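Visitor: need a 3D model of the following:
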Amino acid sequence: MNFKFCWLLILLYTTSFFGQYTDQINSNRPGASMGAFAVGKDVIQAETGIAFRRYVHSGYNQSNFEGRVHFLSLRWGLLAETVELLYEGSFMTGTLESKILTVPSLIKQKGFLQNFLGVKYLIYDPFKKEREINVYSWKANNGFKIRDLIPAVSLTLGTNVSPQKNNPFAYRNIFSNLYRPIFYQNIGAKLDQEPFFHFRGTLATQSHFLGTWVFVTNFNYDRFLSDYPELSYIVTLTHTLNPFWSVYMEQQGRYSSLFKDNLARLGVAYLISNDLQIEATVGSSFKNTPHILLANAGVSYRLDFHKDFISSEEKLEKEQKKEERNLKKTFRENSKEEQKRNRKAKRN
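Guide: Numbers count the residues shown, from 1 in each chain. Alright, predicted model coming up:
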């Protein structure tokens, strides 16, 4: 194997897997899942974009909703490599077409789907301990190993804030106006509304194997302390095709007493630079109450102020090496002076 390629392999391997910070942007996009790792201390990152959504509900005579979702995620590596402060928000606008009555009616709607603020903490990092690299064998470094299935694990805790009164998308129920029809409201009963804040917890795992594959799982308990708590899971498999392109597939399930959803997504991401990524996704649900079609396009960008951590042992070692260099320099200068004095003494 080419010697330069061996060292390139070592560099890529250590850069990709050891520690929180990576030389390239670490984005949760294009999927909906959250990776286990933080962005790295002193890194500020934004992940944003726009999505198209179409919902058709067979239970309401094929009533449908078409709209756009604007999403934004802000991530800040705070205090330590293992801690991240994050915000996740999504706001939808569109038109609900009700076909319950003989004459269909159109209703313009807009509201928050999510408004989450939380903290992520890396509980366990299997890549913290460096692994031996075989510079003579690509297969030895990239072949499948059972230990690769041991995932990194993180926990995210935070709160959803619902500042909007009379949100038509409360609890992400797109058809709440049909679920609580006009005559229901006329007898004094109100539409479902979320409390001003409620809590969410996410357990995330992340495994790397065969050099170019990443498997992520999320287990969420959302809207705790509300009328309709929600359980959900996401599994995401990502494959890196080359240093610039990657593809992914994802499955998500959401369950509450209001609705159940099962969705599948496929997408692609392109790395423009170490700090900039673009992505696109298409997806669909597996049922018709409602049936969901989606398409996303987004971009991730980071401001990288990260400085590599230097331990006290490394600082001491650097100081010792500096002192050794100074001593050697002083010794050489003294030796030259001594040689000059000896030559001068011989001439005299």
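Visitor: what's the single longest strand in this structure?
Guide: strand 105-124 (DSSP state E).
Visitor: export that one as PDB, just CAs?
Guide: C-alpha atoms of strand 105-124 as PDB (Å, rounded to 0.1, in the frame of the first residue of the first chain):
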ATOM      1  CA  SER A 105     -64.300  25.300   2.200                       C
ATOM      2  CA  LEU A 106     -60.800  26.800   2.400                       C
ATOM      3  CA  ILE A 107     -59.200  27.900   5.600                       C
ATOM      4  CA  LYS A 108     -55.900  29.700   5.800                       C
ATOM      5  CA  GLN A 109     -53.800  28.600   8.700                       C
ATOM      6  CA  LYS A 110     -50.400  29.200  10.300                       C
ATOM      7  CA  GLY A 111     -48.700  28.200  13.500                       C
ATOM      8  CA  PHE A 112     -45.800  26.600  15.300                       C
ATOM      9  CA  LEU A 113     -45.200  22.800  15.000                       C
ATOM     10  CA  GLN A 114     -42.200  23.000  17.400                       C
ATOM     11  CA  ASN A 115     -40.400  25.500  19.500                       C
ATOM     12  CA  PHE A 116     -37.900  23.600  21.600                       C
ATOM     13  CA  LEU A 117     -35.000  24.700  23.800                       C
ATOM     14  CA  GLY A 118     -32.800  22.100  25.400                       C
ATOM     15  CA  VAL A 119     -29.400  20.900  26.500                       C
ATOM     16  CA  LYS A 120     -27.600  17.800  25.100                       C
ATOM     17  CA  TYR A 121     -25.000  15.900  27.100                       C
ATOM     18  CA  LEU A 122     -22.900  13.000  25.800                       C
ATOM     19  CA  ILE A 123     -23.200  10.200  28.400                       C
ATOM     20  CA  TYR A 124     -20.900   7.600  26.700                       C
END
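Visitor: low-confidence stretches in the protein?
Guide: Along the chain, segments meeting pLDDT under 70 span 1-20, 129-146, 179-190, 308-318, 344-348.
Visitor: buried residues in the longest strand of the chain?
Guide: Q109, G111, F112, L113, Q114, N115, F116, L117, G118, K120, L122 (16 or more other CB atoms under 10 Å). Placement of C-beta: from N, CA and C, glycine included.
Visitor: with that, I have no additional questions.
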